[in-house]
Every structure is written in C-alpha cells, then in structure tokens.
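Visitor: I would like the atomic coordinates for the input below:
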Amino acid sequence: MKNKIFLTAAASLLALSLSTGASAALIDGSLAYSTLTGGSAWSFDHGANTITVGTGEVDFVSGDLAGSIALGDTIAALPTFTYDVFVPSVNIWNLGGFSFDLDSVTSYMEFPADTGLYLTGMGTVSSAGFTDTSMGWTISGNQFTFAAATVPEPSVIALFGLGLLGLGLARRKIRS
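Guide: So this is what the prediction gives:
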C-alpha cells in the first residue's frame with residue numbers, strides 16, 4: 001500500500017512538472033540589421049551618452065523571428081536614446097509583430113579618437129502568443145544584433161528532477 005502511495009505521489013510530481021511548461025512559449029531566435037547606405041545614418045554623442053539609429057535593413061533572422069520577419073525588411077529609424085545603464089528605453093524596434101525594449105546597457109567601449117562605439121546589454125522582446133523573453137543585444141559599427149535563447153526555468157527542472165527521483169526510488173523499493 002505504501003509503495004502505491006509513493007508511486008502515485010512521484011507520478012503526480014512528474015505530471016505537474018511537465019504541465020507547468022505548457023504556458024506560452026518563450027521567443028527563440030536572432031535578428032541582425034544594419035543601417036541603410038544612402039539613408040539616414042547612425043550617430044552617437046559620447047558626452048551625452050546618446051545614440052541615434054537611422055533606418056535599417058534586416059541582414060539575418062532565425063528562429064521564431066523568421067516566421068514573420070524576412071531578409072531585407074526595413075526597420076524604421078529609432079528615436080535618439082541614452083545608453084546610460086540606468087535609463088531603460090522602450091520600443092527600440094517593432095517588426096513583424098515583434099517589439100524590443102532596451103532594459104540595460106551592460107558594457108560599452110569607445111574606440112580611439114571617437115571613431116566608433118561598441119555597446120552590449122539586455123532587453124525584452126515581445127509578441128502576441130509568446131511569453132516576454134530576455135534578449136541580448138550588441139551594437140558595433142553600423143551592425144545591430146539581437147539574440148534570444150530559451151532557457152528552461154529552474155522550477156520546472158527541479159520539479160521534473162524530483163519526479164524522476166521519486167519514480168526511481170519507488171522502482172527500487174518495489175524491487176527489494
């Protein structure tokens with residue numbers, strides 16, 4: 001009788017751990033674009049920590065983003081934003097039903113003689129039918145790269161592990 005109760009509890013934990021991942025999926029994919037030549041270019045002001053990004057064209061797209069964004073799609077010019085760590089900027093780009101909000105700038109480097117800028121950070125990509133997902137981003141030269149990768153939540157992994165452990169212990173107990 002005790003074995004059946006233990007086995008039922010272990011199976012319930014396993015089922016619960018598998019069902020918690022059934023909500024809307026995280027966004028998985030990458031997007032890279034560069035400013036269009038002949039269009040409005042991008043510029044930066046080191047003194048004010050601001051950047052202005054001109055109209056861009058998608059150079060690379062993958063994953064969930066590729067379902068509604070194509071190579072060559074145009075991304076509208078962005079309003080000037082501050083790349084200060086403490087000033088998040090909303091609505092950096094919207095394309096194919098996806099939108100990106102800048103959450104942080106984790107590092108930046110100025111090239112010698114104020115000739116270039118390299119920025120990295122994190123943001124949030126959103127779309128209907130998906131869970132808002134953290135996305136890393138990089139700006140280097142006139143190239144802008146955004147990448148999101150789904151990472152399982154620790155609670156789901158822990159529950160799944162407990163369920164498997166319970167099943168293993170129940171099987172071991174039944175054998176002995």
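
Visitor: Please tell me how far Thr131 sits from Pro88.
Guide: 19 Å (Cβ to Cβ, to the nearest Å). Yep, even glycine has a C-beta here, placed from its N, CA and C like the rest.

Visitor: typo on my end, it should be Gly67
Guide: Relative to Pro88, Gly67 is positioned 27 Å away (Cβ to Cβ).

Visitor: Same drill for these two, tell me which one is more crowded.
Guide: Between Gly67 and Pro88, counting by other Cβ atoms under 10 Å, Pro88 is the more crowded of the two (17 against 13).

Visitor: doesn't Arg171 fall inside a helix?
Guide: Yes: according to DSSP: H, G, I helix; E, B strand; the rest coil, Arg171 belongs to a helix.

Visitor: So what are the sheet partners of the longest strand that the chain contains and their directions?
Guide: Scanning the chain for the strand with the most residues, using DSSP state E, yields strand 98-110. Next to strand 98-110 in the sheet, as set by DSSP bridges, lie strand 89-95 (antiparallel), strand 117-126 (antiparallel).

Visitor: Report the buried residues of it.
Guide: Under the neighbour-count criterion of 16 or more other Cβ atoms under 10 Å, strand 98-110 has 98-103, 105, 108 buried.

Visitor: Stretch 120-130 too?
Guide: Neighbour-count burial for stretch 120-130 [16+ other Cβ under 10 Å]: 120-121, 123-127, 130.

Visitor: my read: Thr52 touches Thr80, true?
Guide: Yes: at 4.4 Å, Thr52 counts as touching Thr80 under the criterion of Cβ atoms under 8 Å.

Visitor: Need the residues that contact the host helix or strand of Ile51.
Guide: Assessed by DSSP states H and E, Ile51 sits inside strand 50-52. Contact partners of strand 50-52, identified using Cβ atoms under 8 Å, 6 or more residues apart in numbering, comprise 42-45, 77-83, 117, 119, 139.

Visitor: out of the residues you listed, which are buried?
Guide: Buried among the contacts of strand 50-52 (16+ other Cβ under 10 Å): 42, 44, 77-78, 81-83, 117, 119, 139.

Visitor: show me what contacts the closest residue to Gly29 other than its chain neighbours?
Guide: Among residues not flanking Gly29 along the chain, Gly63 sits closest, at 2.4 Å (Cβ to Cβ, 6 or more residues apart in numbering). Contacts of Gly63 were listed using Cβ under 8 Å, 6+ apart, and they are 27-30, 148.
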